[in-house]
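J.: No sequence on hand, only this structure:
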């Protein structure tokens, strides 16, 4: 900000006042004893404390698990994987075959003349082709 030069006063008393005000503007006011030390100590107390040591980042597997839903999702995924492996490894003989829909098996018994051994067809595709006559 620039100051406009003061107009020259026509009165000599005004000139003395202007000179006195200019001298006061150029000299800083005196501070009380110990004021600067108290102000510095107060400013240092108000400054935020530096953060402590940074914790280690989690590993890649734990970060992926957290993004996928945490340990609950991991348990559900593991259970589904174990169920799939057990159904794939062990023969689910008690379950209805997906091919049984082709043979139109009613609840009362078989509607076709295919031979049944222990309630499960030995070779359902071959028997189905035999029924078609191919």
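T.: Looks like it arrived, so ask away. Everything numeric here is computed off the predicted structure, so don't read it as measured data.
J.: can you tell me the average pLDDT over the longest helix along the chain?
T.: In the chain, with assignment by DSSP state H, the single longest helix is helix 70-89. The average pLDDT for helix 70-89 rounds to 88.
J.: Run through the neighbouring helices and strands of that helix.
T.: Judged by 3 or more C-beta pairs under 8 Å, 6 or more residues apart in numbering; DSSP states H and E, the packing partners of helix 70-89 are helix 60-68. From N, CA and C alone the C-beta is placed, and that goes for glycine too.
J.: Packing partners of the helix it packs on?
T.: Applying 3+ C-beta pairs under 8 Å, 6+ apart, one finds that helix 60-68 makes contact with helix 70-89.
J.: quick one: the helix it packs on to helix 60-68, angle?
T.: 100 degrees (axes from the mean of the first three to the mean of the last three C-alpha atoms, to 10 degrees).
J.: next helix or strand past helix 70-89?
T.: Following helix 70-89 in sequence order, the next helix or strand is helix 124-132 (DSSP states H and E).
J.: tell me what that following helix is packed against?
T.: Against helix 124-132 (3+ C-beta pairs under 8 Å, 6+ apart) you get no helix or strand.
J.: and that helix, which residues are buried?
T.: Residues 127-128 are the ones in helix 124-132 that count as buried (16 or more other C-beta atoms under 10 Å).
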